[in-house]
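Student: This is a predicted model, with the sequence first.
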Amino acid sequence: MRLPTCFDQRGAEMVNDKPETVLELRHLRTEFGSREYPLVAVDDISFEVNAGEILGLVGESGSGKSITLRSILGIVRPRGRVAGEILWKGRDLAALDEAALRKVRGREIAMIFQEPMSSLNPLLTVGLQISENLVAHTGLDAKARRARATELLDMVGIPGARDRLGDYPHEFSGGMRQRVMIAIALASNPQLLLADEPTTALDVTIQDQILRLIQSLSRDLGMAVILVTHDMGVVAQTCDRVAVMYGGRLCEVGTTSQVIADARHPYALGLLRSIPRDVAPRTPLYSIPGAPPALNALPPGCAFSARCPVAGPECLDLRPPFETVGQFHKVACHHRFEALAHFNQQEAAQ
Amino acid sequence: MPSISYLLARLLQIIPTFLLVMVFIFLLVRMLPGDPAIAMAEAKATDAQVEQIRHNLGLDRPLPVQFVIFVKNTVTGDLGRSIMLKAPVTEVILDRLPTTIFLALYSVVLAVFLAGPLAFLAAVRVNSATDVVIRSVFQIGLSMPVFYIGLVLLTVLAAQLRWFPVGGYGTGFLDNLHHLILPALSVALYTSAIILRNLRASLIEVLDADYVQFARSKGLSTRIIMTRHVLRNALVSTVTLLGLSIGNLMSGTLVTETVFAIPGVGRLMLEAIFARDYPLIQGLTLTFAVLVSVVFLLTDIVQSLLDPRLRKA
Amino acid sequence: IERGGAMSFARYDDSAVIDPVWADRNPDLWMITSLYETLLRNGADGSIEPGLAESYEVSGDGKSISLKLRDGLKFSDGSAITGDDVVFSLDRARNPDGPWAGLLGSVEKVTAEGGKITLSLKQPDPTIPSILATFNTGIVSKVAFEKAAGANDQEKAKAYFDNNPVTSGPFTMKSRVAGSSMSFARNPNYWRQGKDGKSLPYLDEVDFVVIPDDATRILKLQAGEVDVAEFIPFARVGELRGDANLKMELFPSTRIIYAPINTRDTRKDGSKNPLADIKVRQALNYATDKNMLIKLVTFDTGKPMTSLMSAATQLHYGPEPLYPYNPEKAKQLLAEAGIDGGLDITFTTLAGSADDATLFTALQQMWAPLGVNLKVEQVDNPTRGAKNRSGEFDIHTYGWANDVNDPAQVTGWLGYYKQRQAVGTGWNNAEFNTLFEASNSEVDQAKRKDEYKRMQEIYAENAPLLFLYETPFAVAVSKSIEDYVQTPLGANDFSAAWRAK
Amino acid sequence: MSAITHTEPHRPSRFRAFIGRAFSRPSFAIGFTIIAFSIALALFPQVFAPYDPLAFDMTAIQQAPSVAHPFGTDNFGRDVLSRVIWAYRVDMQMALFATIFALTIGVTVGAFVGYYGGIADTIFGRCVDAIITFPFLVLVIAIVAVLGPGLINMYIAITIVNWVYYARLTRAEIMTQKSSDYAAAGRVLGYSDRRIIFRHLLPNAMSPIIVYWMTDMALAILLGSSLGYLGLGAQPPAAEWGVLISEGRNFLLTAWWMSLMPGLAIVLTGLGFSLLGDALADLLRPKGR
Amino acid sequence: MLTVEPAAPLLSIRDLSMRFSKSRSLSDTLAGRPRQIVSALNGVDLDVMPAETLGIVGESGCGKSTLARCIAGLHQPSSGDIRFEGQSVIGLKGASRRAYNRRVQMMFQDPYTSLNPRMTVRDTLREAISVHHMREGAAIDRRIYELLDLVRLPDGAADKYPHEFSGGQRQRIGIARALSLEPTCLVADELVSALDVSVQAQVVNLLLELQDNLGLTVLFVAHDLRLVRHVSHRVAVIYLGAIVEVGPSEALFSRPRHPYSQALLAAAPSLDPADRRRAPALSGELPSPLAIPPGCPFHVRCPHAAERCRTEKPVLRPVGGGMAACHFAEAISGA
Ligand SMILES: Nc1ncnc2c1ncn2[C@@H]1O[C@H](COP(=O)(O)OP(=O)(O)OP(=O)(O)O)[C@@H](O)[C@H]1O
Ligand SMILES: Nc1ncnc2c1ncn2[C@@H]1O[C@H](COP(=O)(O)OP(=O)(O)OP(=O)(O)O)[C@@H](O)[C@H]1O
Ligand SMILES: [Mg+2]
Ligand SMILES: [Mg+2]
């Protein structure tokens, strides 16, 4: 298999510089609700992100992607309880208090929220919402902040940026708001960007532009990125590695080409199958049978077992361990070979 | 800023309010049993004397004539003479109004300072013991008559501890602050209870909002998050309520003014009603109408300053 | 001891205009004699004493009264008090628009020759000396008054009052903030001398603060911020007696608390009025335990009524309390009146008055055994006044204090049909009316006394009222203040008050 | 596919679940208990009151709280506890009737005005200003004069003034709700405006209104008490908390229990209402946490 | 169906324009600055045939939602006409509006906010059915289960509240609600943007199936070109409030005529990680709907822009199998 060109380059860098792991999650667990009957939104997740790397995070809606990102920044507290370790450059963010976390937030780690409609304060001008970031994290004076804010809006493709600084969020379209959020997140040149579906509301041309921007920042400044998305195309075009989540748990991690072209987990396989490609127009698409599980009623074993075409009896009770199936490629499934066979068969049958 | 046409429209709207109030108050006041002549002469005057007084006051004229005179005089700025105080109504009102406005504003400021931080605390620790205790304590303000709370405050803080004077008001700003603290406090206890509940509810909502989470993710200081993002947004709805309470206070301080011996318009209104002092009642009502309209206008302006979405043309 | 100093006084209400002619509310009336001296004065024992006039004389036919002014009298501004001022003041007092003009109704003309004042009367009027000791004949300075701005007498009066009036009484007006405070200063030209031979008044200054709320007024006194608090609720009298820093004064008064009964044959709604029956009225009076009421409402500071007027009124006749509690007799009277199926009566009270509420509660309990079903109707003061005038009530509460040191005022008010339909009761007794008319021009004091005795007997028997009780004026005074009095007529008399310097 | 097989409810009892959820919250549990107890006292005061609330006892005037009279006695020797208990009847009634009509009228008017805006809103705005400006006392005295004193007329007077507050509140809520997607969805589904207002917008706007209503009940008791001054409200000798407090006001130092005990009753009841209101609003929020 | 066009369009939109005026602030008024106008739609011409799926794609903020809302009657267009079965539907009121809406349903982008959070699925559906008297009495309940069945929701779903469902399920509730009125036309505004691919597939399958079974006309607004291509018979491309190209789906995707369509297709991310583009699809300043450039609105970003484009506004004209609004459509696409 031919490595993607981008990856190729990056791979070379890796060999040379021994890429520095900036973020490492160890057994991250985030739960809500009462302690007796918790809703475990993120369940024992471990992965790491290197500097200059873009990690894609995909998975079912409600599988805990956003909560994972929020847990990293500690903004699920106080209602959500975060356990495990979040090692940011060796420091455990989970153990830090609010004040210490504040120094990390925005400056070192920035986040783009999923809902562009509700994540901007409706009462403050866009300019102010950008520049308050600059006030908090840079020493720029008012004039310089204005210039920087204009530059940022320009960067994310808002036309007439200078004149729009004084506008309020409700005067922007959904896509524009999303871009404003991206601008805010990028304002202080973070070392890690947590991007939660940053381009859902954007059309492909703008999406392309934004993703390019993120990519170039990542490449040129070594910014690490965790990119949550539903669009496999975006993953394929942008990410270096991909993690797949289901039911609050990680089921597969690997390089982009490993996951997209050579997925092993039945959920990941199902997901990829659902994309309309190489199917006749207006014919039924594949979709994973069954409904997503309630997070507070997951089986002790594999979260996907209820919908899995290859599940065995042990899947219900026994949590499948992460097994390495290739360089960088890990899968958590008891029956990954059956799964592969099952989906290949189906494909063949079609 | 709200648009100028909006401001103009709002100002013009005071006119119909005014007319409405004028008609209502004129009729209603004359519907009351007893009239100034009886109230004035109390029991002692003979029927003939009462008739004489009535004639002197022009009350024996037909109602429409009286109304036309009332409207004409009002338009020219003449509110008539108070029957009870034997002085021009305008003079009497202007004499007493500042005290009441001072008291109302003072108590609102106190209420905000009381309720604001505690609402924050309650909202941040929602449903905790702290929350319940704060709400319970403020409930007292909503449940006890002002005359009772006022009396307790006076007895303990003024008469016994001698920290503050018993009733009355002072001369000059600082002296007034000192004199009026107890009455302002007793009104504030009530207002703050209402504000607290409302603010707490809005705060709970706002604290949960995505934009607050987003602000946190930016690494902003708690102070900025709380003031710029949380408080400001929570205030939008509280401002309306605050406006309503100030509007209420203007005419609603009468018991306080009585208990604390403050010569304000609230007490004056009470006295005027019991004396059936028609010109004074009318004058006071119109004054309240102006004040309330101004307060509402201000709250609208403040609100649209806070919330750009409300800046409609 | 050096007498003098300043005294501060907590009032229940402010004065609007302290003017002899136009004052109409008690807070105005009761201050007038502090500013405006009358020709004659009411003595402590109720007799008429010389005032600005050193003597007075009634002509044999009773149709003229002459008085002689003292020498060297001066207004507060130093100008002399002359006959002209007296004529001016008395003529003003007769202005028919003024609320008190009726008191001088019999006066035809007032003239002055130097210091000699003559009032010629249309008919003899035994009350004139008392009226000349009453506030409405207080002497104002003609020159100063006429200078005051204003289109008519009433506006002039207000302007005069507002701008540091020239006064003849013991005090002058020093400053005033309408609705909240007022300050009197000593009039250096006042004519009277105190018991110690020094000129009155002793006080350099009296400062008034208006505190409408009873409890606050008392607190202000207890906090030492004022020296005197008037109108102490009777409920607090006992407590304040125990306060070592205070004297709890109960000044004898002419105040009576009573309940007019509608004696008309039909009620306003056209139904038959059981209270028109004298027996029913007597029965209700017997069924009322006045001592209990006195205990409950006045906390034993009051005393039962013995006549239509208070015992402190001239010509009072009342050997014993009226209608002592006797439920048996009440029952019997009701039976005689043919009331057996019970009686529905509405008791109109003043809303917000704790005393009235107590009264009602007690009466309801006392009368229930007789089959009287008492319902309450709470109204505000003007409404009560209007109901009284229109006769739209069964029984309501009222109170009275004399303004004039003569029984005619209260008697006319309570019993004379032509004046106010006998305090609105509609009670119209020919004999009473004739006696009253006669007494008003009766020059012979003894005869007049007899007429009054008879009137009081008739009134007591006919019971157009529920006779309740007399109450004193309760004033709490700091121990450091001496000789402040509230007269039986209610006037505040600071002229001899003092504190040790 | 027959209907019968489907009508089996999905879960045993939604209501039971709601109650369970409700009572697991202390603020609901406390508020509910207080109000339930208050209602019991209001319905059956004779069961709870140890004495006749009206009976004088001249031998026991103003006695301090004791075993025989836990709340002491008043200046007629009446048992304060019994009077406080009997007052529940009047005051709970006041809390309900002084607010329920204002609530109904205000919410209806506010909903329409908020939904349609425009000229109706302008007229409404003027009425609000005029009513809030209007001296309440004049209105009350006029109403008594025309209709006579009594609780019912007090309700009328309070309602005339109070609906405005509900209307303003509702208007504001409806205005924010009407721009929501589900309102648009209702329009697209071809629903009438009335249906959209009352079936869709209003239920979603109710939380703050309920909270205010519960506060208002406490306020109504307070207002009713002060109107006792004017002869509206409870007529003597009936016991009513506000009246009890003002009766005891002259005895603040000598017989503090006369005013304190009914005061505590008001505070407690008000607290009950407000805790209940907050908890209800919380529970009725669709994603109640 | 793909080839033969029925004569009468179900929905025909003519010269539809929608302008929003921004409120002026006090300082603007004082400074005499004119009121700003957002031109969300600028003369849209579009025909929708019965039983076809018309995909609508375009840049964000170009007026797709506005168009959808105008069709559903939620916005009153500033000018132009929308005809449904030949009848104008502009300014319909009362009963006729309700009757129109029964036939033309809109589904919202956000499934959660468009469902009344206080009504169970049963209540929601029952209301829609009974208001329009689609069924009566016991038949209503039966219909509810039919609908749930139709959108593949378990029967138990009937008594749950919207917040108890996943995003895809909510979308399906919305679809069931729309279908309960047995409409002729569905306007789906970004129906699946918020969903993961598997759920997207579910919803799309459902839509396709329903359309085949019920003969629904669907306007499918989306950003995901792959999906639009999959579901649409024809596709319209909007740029700055105007249609720049419309044509049969396959033709448009395989051979776009308008430079903007070309840029769109070029920008669509490929699924193959190996196939990463190096050059951006478009460059240049994004125009704002507050100030639409004269001439061809796209000329500021168009790689082929000539002098003519700056001055003359191209009209929508037949090009190849569809229509395009570009002076040089043939030249560009023919290349
Ligand atoms: N504050 C909260 N309290 C309780 N549960 C929560 C809270 N926030 C999120 N959850 C639950 O946690 C789970 C994971 O949510 P999350 O937002 O991370 O999903 P997601 O993977 O981002 O989904 P999507 O793709 O739809 O955005 C969901 O089931 C959600 O209901
Ligand atoms: N109510 C409104 N008031 C003012 N401007 C509006 C309003 N609604 C939409 N607009 C403006 O109209 C233009 C088109 O908006 P519309 O929502 O139709 O875009 P869209 O194509 O759906 O975009 P997206 O893909 O981001 O949803 C935008 O510039 C938007 O700012
Ligand atoms: Mg998410
Ligand atoms: Mg849109």
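Tutor: Thanks, I have it. Ligands and ions are numbered 1, 2, ... in the order given.

Student: Now do residue A:41, the pLDDT please.
Tutor: pLDDT for residue A:41: 87.

Student: swap in the one 5 residues further on?
Tutor: Each residue has a pLDDT score; the one for residue A:46 is 92.

Student: what does residue A:348 give?
Tutor: pLDDT, the model's per-residue confidence, is 61 for residue A:348.

Student: Can you get me a residue count around the residue nearest to residue E:10 when sequence neighbours are not counted?
Tutor: Spatial nearest neighbour of residue E:10, excluding adjacent residues (CB to CB, 6 or more residues apart in numbering or on different chains): residue E:50 at 4.4 Å. Glycine gets a C-beta too; all of them are placed from N, C-alpha and C. By other CB atoms under 10 Å in any protein chain shown, 16 other residues sit near residue E:50.

Student: do residue E:93 as well
Tutor: If you count neighbours by other CB under 10 Å, residue E:93 ends up with 8.

Student: Wait, residue D:238 touches residue D:90, no?
Tutor: Yes. Residue D:238 is within contact range of residue D:90, at 6.1 Å (criterion: CB atoms under 8 Å).

Student: These two: who's more crowded?
Tutor: Comparing residue D:238 with residue D:90 by other CB under 10 Å, the one with more neighbours is residue D:90, at 24 against 18.

Student: Could you check how far the more buried one is from residue D:220?
Tutor: Per CB to CB, to the nearest Å, residue D:90 is found 12 Å from residue D:220.

Student: Can you list the low-confidence ranges for the chain?
Tutor: Unless you meant another one, I'm taking chain A. Applying pLDDT under 70 to chain A picks out residues A:1-18, A:77-78, A:347-350.

Student: let's do chain E instead
Tutor: The model of chain E has pLDDT under 70 over residues E:1-7, E:22-35, E:277-278, E:281, E:283-286, E:334-335.

Student: same thing with chain D?
Tutor: For chain D, the stretches flagged by pLDDT under 70 are D:1-14, D:137, D:145, D:228-232, D:285-289.

Student: Which helix in it has the most residues?
Tutor: Criterion DSSP state H: the longest helix present in chain D is helix D:80-116.

Student: do chain A as well
Tutor: Taking DSSP H as the criterion, chain A has its longest helix at helix A:204-221.

Student: so the residue positioned nearest the centre of chain A bridges to which residues?
Tutor: Taking CA atoms, centre = their mean, the centroid of chain A lies closest to residue A:228, which sits 2.7 Å from it. Beta-bridge partners for residue A:228, by DSSP bridges, are residue A:57, residue A:196.

Student: same deal with residue C:57?
Tutor: On the basis of DSSP bridges, residue C:57 is bridged to residue C:66.

Student: okay, now it: neighbour count?
Tutor: Neighbours around residue C:57, by other CB under 10 Å: 11.

Student: wouldn't it be in contact with residue C:50 here?
Tutor: No. Counting by CB under 8 Å, residue C:57 sits too far from residue C:50 to count as a contact (11.7 Å).

Student: Mind telling me what element residue B:297 is part of?
Tutor: Using DSSP states H and E, residue B:297 sits in helix B:278-306.

Student: That helix and chain C, are they touching?
Tutor: No. Helix B:278-306 lies out of reach of chain C by CB under 8 Å from any CB of the partner chain, never closer than 11.4 Å.

Student: In stretch D:24-41, which residues are buried?
Tutor: Buried residues in stretch D:24-41, counted by 16 or more other CB atoms under 10 Å in any protein chain shown: D:25, D:27, D:28, D:30, D:31, D:32, D:34, D:35, D:38, D:41.

Student: Might you calculate how far the strand or helix carrying residue D:258 sits from the centre of the chain?
Tutor: Per DSSP H and E, residue D:258 falls inside helix D:257-284. Relative to its chain's centre, helix D:257-284 lies at 10 Å (CA atoms, centre = their mean, to the nearest Å).

Student: one step back: quick check: what element follows the longest helix of chain D along the chain?
Tutor: Next in sequence after helix D:80-116, counting helices and strands by DSSP H and E, comes helix D:118-133.

Student: That next one versus helix D:80-116: what angle between them?
Tutor: For helix D:118-133 against helix D:80-116, the angle by axes from the mean of the first three to the mean of the last three CA atoms, to 10 degrees is 150 degrees.
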